[in-house]
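Enquirer: Provided below are the primary sequence and the corresponding predicted coordinates.
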Amino acid sequence: MKEKVNHPKHYNVGKIEVIDAIQDWELDFCLGNVVKYIARHNHKKDPLTDLKKAKWYLDYAIKEKERLDAEVESRR
């Protein structure tokens with residue numbers, strides 16, 4: 001039986017697992033998902049869907065950063 005929870009095959013392509021890079025780089029939830037979906041997209045049945053998910057999370061992170069920056073700027 002293929003492992004679906006702990007270290008499935010598409011998690012272990014290359015020298016490190018994506019989760020280790022995300023933690024090492026101290027990425028938040030959204031940016032961690034961007035990295036995850038991009039890193040794994042070519043190892044999934046539907047790579048385009050994973051790229052679209054990565055884009056969705058990146059767009060969300062950009063909007064949130066812009067919102068927070070505007071909030072800080074408005075306090076000055």
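Expert: Sure thing, it's come through. Numbering: from 1, shown residues only.
Enquirer: And stretch 50-67, what's buried?
Expert: Using 16 or more other C-beta atoms under 10 Å as the test for burial, stretch 50-67 gives 50, 53-54, 57-58, 61. Yep, even glycine has a C-beta here, placed from its N, CA and C like the rest.
Enquirer: between the residues you listed, which is closest to Asp28?
Expert: Distance to Asp28 across those (C-beta to C-beta) is lowest for Ala61, with 7.6 Å.
Enquirer: Just the element for that closest one, please.
Expert: Following DSSP states H and E, one finds Ala61 within helix 47-74.
Enquirer: can you give me how far stretch 28-36 is from the chain middle?
Expert: Computed by C-alpha atoms, centre = their mean, to the nearest Å, the separation of stretch 28-36 from the middle of its chain amounts to 3 Å.
Enquirer: buried set for that stretch?
Expert: Neighbour-count burial for stretch 28-36 flags 30-36 (criterion: 16+ other C-beta under 10 Å).
Enquirer: Output these in JSON lines, with pLDDT, distance to Lys45 and secondary structure appended to each entry.
Expert: Output for the buried residues of stretch 28-36, formatted as JSON lines (pLDDT from 0 to 100; distance: C-beta to C-beta, whole Å; DSSP: H, G, I helix; E, B strand; the rest coil):
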{"residue": "Cys30", "pLDDT": "98", "distance to Lys45": "24", "secondary structure": "helix"}
{"residue": "Leu31", "pLDDT": "98", "distance to Lys45": "25", "secondary structure": "helix"}
{"residue": "Gly32", "pLDDT": "98", "distance to Lys45": "22", "secondary structure": "helix"}
{"residue": "Asn33", "pLDDT": "97", "distance to Lys45": "19", "secondary structure": "helix"}
{"residue": "Val34", "pLDDT": "98", "distance to Lys45": "20", "secondary structure": "helix"}
{"residue": "Val35", "pLDDT": "97", "distance to Lys45": "20", "secondary structure": "helix"}
{"residue": "Lys36", "pLDDT": "95", "distance to Lys45": "16", "secondary structure": "helix"}
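Enquirer: And these, which is closest to Glu17?
Expert: Closest to Glu17, out of all of those and judged by C-beta to C-beta, is Lys36, at 10.0 Å.
Enquirer: Now do Leu31 against Ala61, distance only.
Expert: Leu31 is 6 Å from Ala61, where distance means C-beta to C-beta, to the nearest Å.
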